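# model the following, please.
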Amino acid sequence: MVEVYLVGGAVRDELLGRPIVERDWVVVGATPEEMRDRGFRQVGKDFPVFLHPETGEEYALARIERKTGRGYHEFEFHCDPTVSLEQDLRRRDLTINAMARTSDGRLIDPYHGVQDLQARVLRNVSEAFSEDPVRVLRIARFAARFAELNFSIAAETQNLMKRMVAEGEVDALVPERVWAETVRALGESTPQRFFEVLRTCGALGRVFPEVDRLFGVPQPIRWHPEVDTGVHTLLTLAQCVRLGANRRVRFAALVHDLGKGTTPREEWPSHRGHEQRSYSLVRNLCARLRIPRDFRDLALLVAEHHTRCHRALELRPATVLNILDTAKAFRDRVRLDEFLLACEADARGRTGLEDRPYPQASLLRAACDAAVPISAKPFVAQGLQGSAISEAVRAARVRAIAAELGRFKRSERSLSDAG
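Below you'll find the predicted structure:
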């Protein structure tokens with residue numbers, strides 16, 4: 001007899017009262033041939049997964065699996081009509097993800113997922129959790145998603161994750177899986193929790209050693225009341241959420257200060273020249289994890305220029321123009337806005353300064369607005385040629401920015417005097 005069950009996240013989120021994003025199904029008692037005969041399209045290579053002919057939702061045959069080597073590629077899967085629902089659920093990562101509903105709505109919960117939902121606990125279903133290092137990243141991501149609901153990780157699960165790190169299982173993770181879980185975590189409501197969990201179990205030093213190195217590195221208390229660079233990084237990430245920043249901005253915020261992790265100890269708490277060191281480290285990290293170009297380019301821009309942005313009210317007009325040119329602000333305003341948002345999150349990611357105004361963003365936007373209408377056309381009409389045209393455009397933009405800086409500073413002084 002063939003039976004179909006709704007499983008995993010859809011069941012969990014329904015019980016939590018959260019929106020159901022997607023539905024996954026497990027089929028018990030069927031063969032691949034029977035699924036194809038019913039019009040399902042097979043897409044799984046390692047084990048049979050099928051797409052429903054009408055809804056496009058995934059239906060997987062119930063399976064059991066056995067680890068045959070290190071990492072997560074070395075598995076043997078067994079699918080046949082004798083595999084039970086309970087056997088299939090047992091291979092899953094967390095108890096809250098190992099529940100199912102029958103076609104008539106009855107809940108099946110062999111591993112006490114409801115109890116852990118009520119207790120707000122993330123707990124592994126079995127020792128099989130340790131066979132897949134991706135699960136270390138997944139549980140950190142779930143911790144980031146459910147932090148606002150006060151979920152914690154069970155002590156035995158924490159110990160299991162630490163053991164997986166100590167035994168080298170996490171070292172088998174490939175770049176694509178690390179980035180896939182990280183970028184999803186960056187979109188969660190409390191992304192900083194992802195990195196906290198990885199650091200607690202020791203995995204952060206294996207997958208993001210450049211970030212892990214920031215913890216324990218001091219900064220001048222005058223500018224950073226929180227002192228610790230790693231703490232500042234996570235505070236900056238939290239401010240990104242508060243400011244409504246997208247994942248690109250959040251990633252840029254995460255890696256903007258990597259250079260401080262390589263400052264010689266004898267120079268602490270100063271970090272002179274950390275921007276260029278950050279730039280190199282970000283470039284290498286993005287190459288290692290094969291991070292998409294749009295994430296990489298924004299992260300490099302923020303790493304190199306965030307301190308200049310903070311000093312925008314002190315900069316010369318030509319330097320402001322250099323920043324705008326580097327940001328490609330005249331062609332891509334979204335990129336400028338994302339850069340400024342990351343810099344604002346950095347400025348606010350400091351203990352006690354979370355609500356401090358950041359007029360630098362308004363200044364650079366105003367400078368861009370003043371310079372962007374200036375084009376080569378009138379200079380061509382004057383008879384200029386070659387490099388003389390670009391030099392004239394630059395000089396005109398510098399003048400326009402200088403005038404805007406003057407207006408902005410006078411306005412700021414007027415507001416200050418009025419206050």
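# same for the longest helix seen in the chain, what does it pack against?
Longest among the helix segments of the chain by residue count, using DSSP state H, is helix 387-418. With contacts taken as 3 or more Cβ pairs under 8 Å, 6 or more residues apart in numbering; DSSP states H and E, helix 387-418 sits against helix 317-326, helix 359-371, helix 377-381. C-beta coordinates here come from the backbone N, C-alpha and C atoms, glycine included.
# quick one: list the elements packing against the first one.
For helix 317-326, the helices and strands in contact under the criterion 3+ Cβ pairs under 8 Å, 6+ apart are helix 293-310, helix 359-371, helix 387-418.
# and it, which residues are buried?
317, 320-324 (16 or more other Cβ atoms under 10 Å).
# now do stretch 191-200
Judged by neighbour count (16+ other Cβ under 10 Å), stretch 191-200 contains these buried residues: 191-199.
# just these now: which is nearest H112?
Checking these against H112 by Cβ to Cβ gives V197 as the nearest, at 22.1 Å.
# contact partners for the residue nearest to that closest one when sequence neighbours are not counted?
By the measure of Cβ to Cβ, 6 or more residues apart in numbering, the closest residue to V197 outside its immediate chain neighbours is A140, 3.9 Å from it. If a contact means Cβ atoms under 8 Å, 6 or more residues apart in numbering, then A140 has 181, 185, 193-195, 197-198, 203 as its contacts.
# for D228, see how far away A140 is.
Using Cβ to Cβ, to the nearest Å, one gets 20 Å for the distance from A140 to D228.
# quick one: contacts for the spatially closest residue to N97 that is not a sequence neighbour?
With Cβ to Cβ, 6+ apart as the measure, G8 is the residue that lies nearest to N97, at 5.3 Å, once sequence neighbours are left out. Remark: with contacts taken as Cβ under 8 Å, 6+ apart, G8 is in contact with 24, 92, 97, 99.
# looks like the third one contacts L15 (just checking).
To tie it back to what came earlier, the one meant is N97. No. Judged on Cβ atoms under 8 Å, N97 makes no contact with L15 at a distance of 11.4 Å.
# return stretch 81-97 as PDB; C-alpha atoms alone will do.
Output of stretch 81-97 as PDB, limited to C-alpha atoms (Å, rounded to 0.1, in the frame of the first residue of the first chain):
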ATOM      1  CA  PRO A  81       8.900  -0.300  -0.600                       C
ATOM      2  CA  THR A  82       9.900  -1.900   2.700                       C
ATOM      3  CA  VAL A  83      11.500   1.300   4.200                       C
ATOM      4  CA  SER A  84       9.100   2.700   6.800                       C
ATOM      5  CA  LEU A  85       8.300   6.300   7.500                       C
ATOM      6  CA  GLU A  86      10.000   6.100  10.900                       C
ATOM      7  CA  GLN A  87      13.200   4.800   9.300                       C
ATOM      8  CA  ASP A  88      13.100   7.700   6.900                       C
ATOM      9  CA  LEU A  89      12.500  10.300   9.600                       C
ATOM     10  CA  ARG A  90      15.400   8.900  11.700                       C
ATOM     11  CA  ARG A  91      18.000   9.900   9.200                       C
ATOM     12  CA  ARG A  92      16.900  13.600   9.500                       C
ATOM     13  CA  ASP A  93      19.000  16.200  11.300                       C
ATOM     14  CA  LEU A  94      16.800  17.600  14.100                       C
ATOM     15  CA  THR A  95      13.800  16.300  16.000                       C
ATOM     16  CA  ILE A  96      11.700  19.400  15.000                       C
ATOM     17  CA  ASN A  97      12.400  18.400  11.300                       C
END
